[in-house]
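Asks: predicted model and sequence below, questions to follow.
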Amino acid sequence: MPAEVLDSYALIAYFRDEPGAAAVEHLLVAAGRKNSAVHMTDVNYAEVRYSIVRKDGPGPWKEAAEILQGLPIEFHSTTRAMADIAADFKSRYRMSLADAFAAALAKEMKAELVTGDPEFKPLAKDIRIHWLK
């Protein structure tokens, strides 16, 4: 099984119990049982945080942050190499910079990107995508 990279869409769906939340929960539980981790960039973490604070407020973010500490997610800081891949994706496809970093980490790790964001459809030829439904 390839490693899995969460984009912000996936983690926000999990915290808000939106469509795809059950699939993300299944991935997290499976990773915990195997004593392994799913992966996410710090850029996508920032997107999750500001999205929850802006839409739901600081209280829900505080709860999410506490839950996040116990989840088997390994956060990755950006590197120049990852930034180059993200810049390439951003220059070729209409996508946010945060999404470009999620795709870059997936490509760098030869991992599967977990998302439900249709913005990633054009990248299906560049990276593997696990679509949330």
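Replies: Now that the structure is in, tell me what you want to look at.

Asks: Pro58 versus Ala100, what's the distance?
Replies: 28 Å (CB to CB, to the nearest Å). No exception for glycine: its C-beta is placed from N, CA and C like everyone else's.

Asks: more neighbours: these two, which one.
Replies: Ala100 (25 against 10; other CB atoms under 10 Å).

Asks: quickly find the element holding the more buried one.
Replies: helix 97-109 (DSSP states H and E).

Asks: and that helix, what other elements does it pack with?
Replies: strand 4-6, helix 8-16, strand 38-41, helix 42-56, helix 80-92, strand 112-115 (3 or more CB pairs under 8 Å, 6 or more residues apart in numbering; DSSP states H and E).

Asks: tell me the most buried of the ones you listed?
Replies: Greatest average neighbour count among the helices and strands packed on helix 97-109 goes to strand 4-6 (a mean of 28), per mean count of other CB atoms under 10 Å.

Asks: surely Gly116 touches Ala10?
Replies: Yes. Gly116 is within contact range of Ala10, at 7.0 Å (criterion: CB atoms under 8 Å).

Asks: what sits in contact with each of these two?
Replies: Residues touching both Gly116 and Ala10 (CB atoms under 8 Å, 6 or more residues apart in numbering): 20, 132.

Asks: quick check: chain neighbours aside, which residue is closest to the residue nearest the centre of the chain?
Replies: The chain has Asp7 as the residue nearest its centroid, 1.8 Å off, counting by CA atoms, centre = their mean. Ranked by CB to CB, 6 or more residues apart in numbering and with sequence neighbours excluded, the top spatial neighbour of Asp7 is Ala102, at 3.9 Å.

Asks: I am finished for the moment; much appreciated.
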